[in-house]
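>>> Provided below are the primary sequence and the corresponding predicted coordinates.
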Amino acid sequence: MIQEVSNVLKPLKFRRNVVIFVSALYIVVGLLPPYLTGLLIDRLYPDFAGASTYVFMITTIVFLLIFGFFLDWLQGFLREDLINRGAGMVRSRLFWHVLHKDYRFFLDHPVGDINNKVIHDAATYVKARLMMFPTLVLNILHLIILFGFLFRLSFQMTLVVLLFSLIFMVLYTMVNKKLRHYSVKEREDFSDLMTESNATLTGVDTIQLYAGEDYAAEYFEKLVDIYEHDLITLKYWQALSKSATNMITNMVPILMIIVGIVLVVFDQEATMGKILAFYYFLPRLKEPITAITDFNVDLQSSNAVEDRIKELLIEPVDESIELEHVDKIDELGFKNMGYNYSDGETILKDINFELKRGDTLAITGPSGAGKTTLLRLLKRQVTPTKGILAVNGKDYTHIEPASYVARIAVLPQEVFIFDATIVENIDFGKGYSEKHIRDVVRLSGVDHFSMDENALGLSGGERQRIGLARALACEYDVLILDEPTSELDHETETMVIENLKKVQVENNCMMIVVTHSANVLENLCNKELVLKKN
């Protein structure tokens, strides 16, 4: 499944090759000035007979420094541009997968954790996928060229550098293991913190109604304390890593000067130019050594991130199973249908009913009897654990889900309204005609509003009618209404009932209504299914 996400990045292959080329060129150009400077210093001593040669060398060094600056800026920008483009492409693809996930997925995964995977983990995955191995190759190339220059300058001094490089790699690896461990833990704690913050702010009305502000704040504070503890521990290891790196990088250049002076004293072919060139080469060792040392840890981290985003992907359909396409739904029926939660609790048991075009079924019963679960079964967000739901006489698990869902329109109890105009909230990206919108607006009783008004400012009852208009605008055989009049006064409820009866006659559809309203039950429905607690 992850290959599908990787394929999204294929259009960036050329851009990645450009980044690699520019980065490799920058490595070569960036290493030449110190070497040429050392040669220049050594040639200054005999005489100035070749002044033009020195001018040429100085001009070349200055040009290489300026060109190196340009390449450094360009490769840094191109690298970030590549990663940002890739992250955007992968985030969009992952979000598409999330929106098409089975409803059970959202019951098991907090929204904050899903967002963290889509936003943060996607960026980490893209960076690893696009640049991890190219970065490894570039840093190996960097070290090969760098040590080539160093060995050419002084074999003895280079051996000392190799010894300290190995010591640095060992120390850095030991510290970095701790660093990565607490980095992952800090990310998980932050995800928990965001999830709790989102959940608390979403339910702030209920919290305030029950004077639970202090309780919610104390629970959030506990999560903050956990996060801060792990964050401080992470910062501790980060500071230690930085200090250890600084110690090595500060010590080695001074040591090289001392070793170089000793070699000069003992006439070991060392010169001041070579010592100076060595001094300027040494800081360039830090970046490739740390990058290569990090590679294995980064690889493990990227594998962990890959496992996390795999959870967002839709399971591939078994193409060996042929699913039937339906163009219309003429009959619905539950046959000895039951549903158990994953923990084994039974919520629905031995449900039997049949529904044909022209029927309006009322689903009634106390809270906890399974009305919401029954609607989820009808919408195929979950499937029966016992018995079948029959569509046109056939088990609907043998029917193409998309073709089945396309013939159903739903008014949920909680209507989702996004930050847009009323007409955009009704149209929902379908591109309905202006006349069609006017018709459903009239039927749902919101024709007195300006369609260009932002829907976020509407009341609960008005939002419910916007949701009804959205449902009526669809092309459907089955209309599911979850408490369609719970937010309406008696007069408006009666008007909506009469309009729904007209819809029933005109469309010859099936209606399934969850309701506690006697008015709806008596004046709209011709069948009733009473659910009881098990």
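Everything's here; your move. Residues are numbered from 1 along each chain as shown.
>>> what stretches of the stretch 151-300 of the chain score poorly on pLDDT?
For the stretch 151-300 of the chain, the stretches with pLDDT under 70 are 205-206, 209-210, 245-246, 248-250, 252, 260, 264-270, 293, 296-297, 300.
>>> ranges for the helices of it?
For the stretch 151-300 of the chain, helices defined by DSSP state H, counting those that start in this stretch occupy the ranges 155-202, 204-209, 213-265, 272-281, 283-310.
>>> Among those helices, which comes closest to Asn336?
helix 283-310 (36.4 Å; Cβ to Cβ). All C-beta spots, glycine's among them, are computed from the backbone N, C-alpha and C.
>>> Which elements pack onto that closest one?
When contacts are defined as 3 or more Cβ pairs under 8 Å, 6 or more residues apart in numbering; DSSP states H and E, helix 283-310 sits against helix 2-8, helix 122-153, helix 155-202, helix 213-265.
>>> Could you give the separation of it from the chain centroid?
How far helix 283-310 lies from its chain's middle: 20 Å, per Cα atoms, centre = their mean, to the nearest Å.
>>> got the contact list for whatever helix or strand comes next after that helix?
Note on helix 283-310: by DSSP states H and E, the next helix or strand toward the C-terminus is strand 331-340. Identification of contacts with strand 331-340 by Cβ atoms under 8 Å, 6 or more residues apart in numbering yields 346-356, 370, 373, 377-378, 382, 384-393, 478, 510.
>>> So which of those residues sit within helices?
Mapping the contacts of strand 331-340 onto helices (DSSP state H) picks out Thr373, Leu377, Leu378.
>>> ok so, going back, now distance to His97 and mean neighbour count too, for the helices and strands packed on helix 283-310, in TSV please.
Listed next are these as TSV, based on distance: least, Cβ to Cβ, whole Å; neighbours: other Cβ atoms under 10 Å:
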stretch	distance to His97	mean neighbour count
helix 2-8	9	13
helix 122-153	11	19
helix 155-202	19	16
helix 213-265	28	14
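>>> got these as JSON lines, with distance to Gln75 columns?
As requested, those are exported to JSON lines (distance: least, Cβ to Cβ, whole Å):
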{"stretch": "helix 2-8", "distance to Gln75": "24"}
{"stretch": "helix 122-153", "distance to Gln75": "10"}
{"stretch": "helix 155-202", "distance to Gln75": "24"}
{"stretch": "helix 213-265", "distance to Gln75": "22"}
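>>> out of those helices, nearest to Glu487?
Nearest to Glu487 among the helices and strands packed on helix 283-310 is helix 155-202 (19.2 Å), distances taken as Cβ to Cβ.
>>> quick one, which of the helices and strands packed on helix 283-310 is nearest to Val505?
helix 155-202 (40.2 Å).
>>> What helices and strands are in contact with that closest one?
helix 111-116, helix 122-153, helix 213-265, helix 283-310.
>>> pLDDT (mean, whole number) over stretch 505-524?
The average of the pLDDT scores along stretch 505-524 is 86.
>>> picking up where we left off before, mind checking the helices and strands packed on helix 283-310 for the one nearest to Lys533?
For the helices and strands packed on helix 283-310, the distance to Lys533 is smallest for helix 155-202, at 27.3 Å, taking Cβ to Cβ.
>>> measure the closest residue to His109 other than its chain neighbours to Ile289 for me?
Spatial nearest neighbour of His109, chain neighbours left out: Glu311 (7.4 Å); criterion: Cβ to Cβ, 6 or more residues apart in numbering. For Glu311, the distance to Ile289 (Cβ to Cβ, to the nearest Å) stands at 35 Å.
>>> do the same with Val503
72 Å.
>>> if we can go back for a sec, name the residue in Glu311 and Ile289 with the higher neighbour count.
Ile289 (21 against 16; other Cβ atoms under 10 Å).
>>> OK, contacts around the more buried one?
Contacts of Ile289 by Cβ under 8 Å, 6+ apart are Leu143, Ser165, Phe168, Met169, Tyr172.
>>> Just send those back as TSV, with distance to Arg79 too.
Below are these laid out as TSV (distance: Cβ to Cβ, whole Å):
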residue	distance to Arg79
Leu143	19
Ser165	25
Phe168	25
Met169	24
Tyr172	23
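>>> For Ile114, state which of these is nearest.
Closest to Ile114, out of all of the contacts of Ile289 and judged by Cβ to Cβ, is Tyr172, at 34.7 Å.
>>> Could you tell me whether Val415 really is in a helix?
No. Val415: not assigned to a helix; according to DSSP: H, G, I helix; E, B strand; the rest coil it is coil.
>>> Contact partners for it?
Going by Cβ under 8 Å, 6+ apart, Val415 touches Arg463, Gln464, Ile466, Gly467, Arg470.
>>> same thing with Lys501?
Asn523, Leu524.
>>> and if you look at Val441?
Ile426, Asp447, Phe449, Met451, Ala469.
>>> switch to 6 Å and redo it
Asp447, Ala469 (Cβ atoms under 6 Å, 6 or more residues apart in numbering).
>>> so what's the backbone phi/psi at it?
phi -60, psi -40 (degrees, to the nearest 10).
>>> Quickly note the distance from the residue lying closest to Tyr182 once chain neighbours are set aside to Arg180.
Nearest residue to Tyr182, sequence neighbours excluded (Cβ to Cβ, 6+ apart): Leu234, at 4.2 Å. Computed as Cβ to Cβ, the Leu234 to Arg180 distance reads 10 Å.
>>> Centre of the chain to stretch 477-489, how far?
That offset, for stretch 477-489, works out to 34 Å (Cα atoms, centre = their mean).
>>> Just the CA trace of that stretch, in CSV.
C-alpha atoms of stretch 477-489 as CSV (Å, rounded to 0.1, in the frame of the first residue of the first chain):
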residue,chain,number,x,y,z
ASP,A,477,-33.6,5.9,-3.7
VAL,A,478,-33.3,5.8,0.1
LEU,A,479,-33.6,9.0,2.3
ILE,A,480,-32.3,8.5,5.9
LEU,A,481,-33.4,11.2,8.4
ASP,A,482,-31.9,11.2,11.9
GLU,A,483,-34.2,13.2,14.2
PRO,A,484,-35.1,15.6,11.3
THR,A,485,-37.3,17.9,13.4
SER,A,486,-35.7,17.8,16.8
GLU,A,487,-34.6,21.4,16.6
LEU,A,488,-37.8,22.7,15.0
ASP,A,489,-40.9,24.2,16.6
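>>> nearest to Ile422, of the helices and strands packed on helix 155-202?
helix 111-116 (26.2 Å).
>>> could you dump the helices and strands packed on helix 155-202 to a markdown table with distance to Leu521?
Listed next are the helices and strands packed on helix 155-202 as a markdown table, based on distance: least, Cβ to Cβ, whole Å:
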| stretch | distance to Leu521 |
| --- | --- |
| helix 111-116 | 35 |
| helix 122-153 | 49 |
| helix 213-265 | 38 |
| helix 283-310 | 47 |
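>>> between those helices, which gets nearest to Tyr432?
Using Cβ to Cβ, these put helix 111-116 closest to Tyr432, at 29.9 Å.
>>> Pull out the buried residues from the closest one.
For helix 111-116, burial by neighbour count (16 or more other Cβ atoms under 10 Å) applies to Gly112, Asp113, Ile114, Asn115, Asn116.
>>> Quick one: mean pLDDT for it?
83.
>>> and the spatially closest residue to Gly460 that is not a sequence neighbour, how far is that from Gly365?
Once flanking residues are discounted, Gly460 sits nearest to Glu487: 4.5 Å by Cβ to Cβ, 6+ apart. Glu487 sits 20 Å away from Gly365, going by Cβ to Cβ.
>>> That's all I had, so thanks and see you.
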